[in-house]
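1. Fold the following, please.
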Amino acid sequence: VGSSGFRSAGVLRATFTHVDPVCAMLDLGDAPDKPHPTGAPLKVPIQVVDRYANVCESYNGEFGLELSGGGRIAGGAPPRFEVIGGRGFLPVMCTQSGTITLSLGSDSVLDNIARHAKGFSTRLREKGLLTTANIHVRSMTVTKIHMSVTSQEPTNAGADVETGVAGSADSAGNGSRPMTARPLQLTAGDVATVHIRALDAFGNLVVHGEEIHVLLQAEAIPELDEHLSTGGTVPSHNVTTYELGLRKGEATKTILFELAGEHSLRLTKPSNEHLDVTSMARIKVIARKASKIDVCNIPEAGRAGLEFELVVLARDRYGNVDHTHEQDVSLNHDGHLPPGHTLDIDNGGIVKLRNGRGRVRATHRLPPQT
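-> Prediction:
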């Protein structure tokens, strides 16, 4: 052509199309090789390919998807791909940290002989196409600090106090728990362990990131005997504060409970002020069996002719009133009175203790006039 002076303008255009479809495959790219954050939707694409791993763009149909490990289809849709033009996808919600396994069912194989032909699996691997994939879901962002309390005593082993959130529901992956949840009951002298955990918005433990510090406040509201006005001082609220540092998302604190009454545990002042620390716990402490008898309401400075009421209490080793104790107690006076003076106790000095308490009237009498 060059020697004759003629010019060639001819162009060869060839169009290639796929052959018969063999199977459907997952096309996740590098998603299985890196962690996926909780809460972020995962786009799961699917392709229908022929024996040369080409997309069958004329294929339309449906294929099932099996999920395990906490994944679910967004919007509650069924786990089925709708393939149009050889391609389709499903949005998968990942709200639980861990590993989600995605698998295509047996209906994904359209030509079993071609599927197991020599060299076909190699072509699929070269294009990163899979029938089963593991997605590693990891919690990335801490949104709240959650608290739970577990008793260490044999009678309460494994018991977990229900916690609540003031003004809202408490979510720790186990649904909602109202603020009026039943408190854990302990006996005076029991030890409980407070568990503090850093959670994301879906209740997953966040083990990555910087160390978080938070204050734990334990407030004791002791029992108050409304019938006892002068038999002792009015107990006051006692607040103890502990500073905790969460390492790998967790911290624990053991607390000894000695005072009978209501106890409340609260979190406050986190190192990150944007964290939700409204989780709290309530604990009810009851007295142990009585180990001593106390007589109260004895006047410090008596005078002749004075009448007063003695209060007798059955207390445990920590000074709490044992409300289950019932006993008849005999009171004897062995003090020193002026010559001729006497101290008369009603009922022959016998006091009947009921619910751990008893009362008896006493009179300081003068000697008879001569």
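2. Let me see the ranges of the helices in the stretch 51-200 of the chain.
-> 112-115, 120-126 (DSSP state H, counting those that start in this stretch).
3. now for those helices, which one comes closest to residue 75?
-> helix 120-126 (30.2 Å; CB to CB). Placement of C-beta: from N, CA and C, glycine included.
4. State the distance from the residue lying closest to residue 52 once chain neighbours are set aside to residue 25.
-> Using CB to CB, 6 or more residues apart in numbering and skipping the chain neighbours, the partner closest in space to residue 52 is residue 123 (6.7 Å). Distance, residue 123 to residue 25, using CB to CB, to the nearest Å: 10 Å.
5. Quick check: residue 208 touching residue 97?
-> No - using CB atoms under 8 Å as the test, residue 208 is too far from residue 97 to be in contact (10.5 Å).
6. Need the residues touching each of these two.
-> Listed as contacting both residue 208 and residue 97 by CB atoms under 8 Å, 6 or more residues apart in numbering are 138, 139.
7. Which one's more surrounded, the two?
-> Set residue 208 next to residue 97 and count neighbours by other CB atoms under 10 Å: residue 97 wins out with 25 against 13.
8. which residues does the residue lying closest to that one once chain neighbours are set aside contact?
-> Leaving aside its chain neighbours, residue 97 sits nearest to residue 204 (4.2 Å; criterion: CB to CB, 6+ apart). Contacts for residue 204 (CB under 8 Å, 6+ apart) come out as 38, 95, 96, 97, 139, 173.
9. from those, which would you call buried?
-> Neighbour counting with 16 or more other CB atoms under 10 Å marks 38, 95, 96, 97, 139 as buried within the contacts of residue 204.
10. Turn the residues you listed into CSV, columns for distance to residue 59 and pLDDT.
-> Below are those laid out as CSV (distance: CB to CB, whole Å; pLDDT from 0 to 100):
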residue, distance to residue 59, pLDDT
38, 34, 90
95, 33, 89
96, 34, 89
97, 36, 90
139, 39, 88
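11. any idea which of those is the one closest to residue 339?
-> Distances from residue 339 to these, taken by CB to CB, are shortest for residue 139, at 82.6 Å.
12. gap between that closest one and residue 326?
-> 55 Å.
13. try residue 140
-> 60 Å.
14. Leaving out sequence neighbours, find the closest residue to residue 357.
-> Per CB to CB, 6+ apart, closest to residue 357 is residue 313, 5.9 Å.
15. helix/strand/coil for the one you found?
-> For residue 313, the assignment made with DSSP: H, G, I helix; E, B strand; the rest coil gives strand.
16. re earlier: including distance to residue 151, could the buried ones among the contacts of residue 204 go into a markdown table?
-> Below are these laid out as a markdown table (distance: CB to CB, whole Å):
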| residue | distance to residue 151 |
| --- | --- |
| 38 | 31 |
| 95 | 31 |
| 96 | 28 |
| 97 | 28 |
| 139 | 28 |
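17. and the two most separated of those residues?
-> So, the buried ones among the contacts of residue 204 by CB to CB: farthest apart are 95 and 139, at 10.0 Å.
18. Need the overlap of contacts for the two.
-> Common neighbours of residue 95 and residue 139 (CB under 8 Å, 6+ apart) are 38, 202, 204.
19. what sits against residue 291?
-> With CB under 8 Å, 6+ apart, residue 291 has these contacts: 315, 316, 317.
20. how about 10 Å then?
-> Residue 291 makes contact with 314, 315, 316, 317, 318, 322, 325 under the criterion CB atoms under 10 Å, 6 or more residues apart in numbering.
21. for the stretch 151-300 of the chain, what are the low-confidence residue spans?
-> 153-182, 224-236, 299-300 (pLDDT under 70).
22. pretty sure residue 322 contacts residue 223?
-> No - taking CB atoms under 10 Å as the definition, residue 322 is not a contact partner of residue 223, at 11.3 Å.
23. thinking again about what came up before, mind checking which of residue 140 and residue 326 has more residues around it?
-> residue 140 (17 against 14).
24. Can you name the residues that contact the more buried one?
-> 35, 36, 37, 38, 39, 40, 97, 200, 204, 206, 208, 209.
25. hmm, try it at 6 Å
-> Taking CB atoms under 6 Å, 6 or more residues apart in numbering, we find residue 140 in contact with residue 37.
26. How about residue 209, nearest residue that isn't a chain neighbour?
-> residue 142 (6.5 Å).
27. can you count the residues close to that neighbour?
-> Here the count is done by other CB under 10 Å, and residue 142 has 24 residues near it.
28. try the one 10 residues further on
-> As a burial measure, the neighbour count of residue 152 was computed by other CB under 10 Å and equals 12.
29. how far away is it from residue 271?
-> 28 Å.
30. ok, how many other residues are close to residue 269?
-> Using other CB under 10 Å, residue 269 is surrounded by 12 other residues.
31. Double-check it against residue 213; I have them as touching.
-> No - using CB atoms under 6 Å, residue 269 is not in contact with residue 213, being 8.4 Å away.
32. what residues are shared contacts of those two?
-> By CB under 6 Å, 6+ apart, no residue touches both residue 269 and residue 213.
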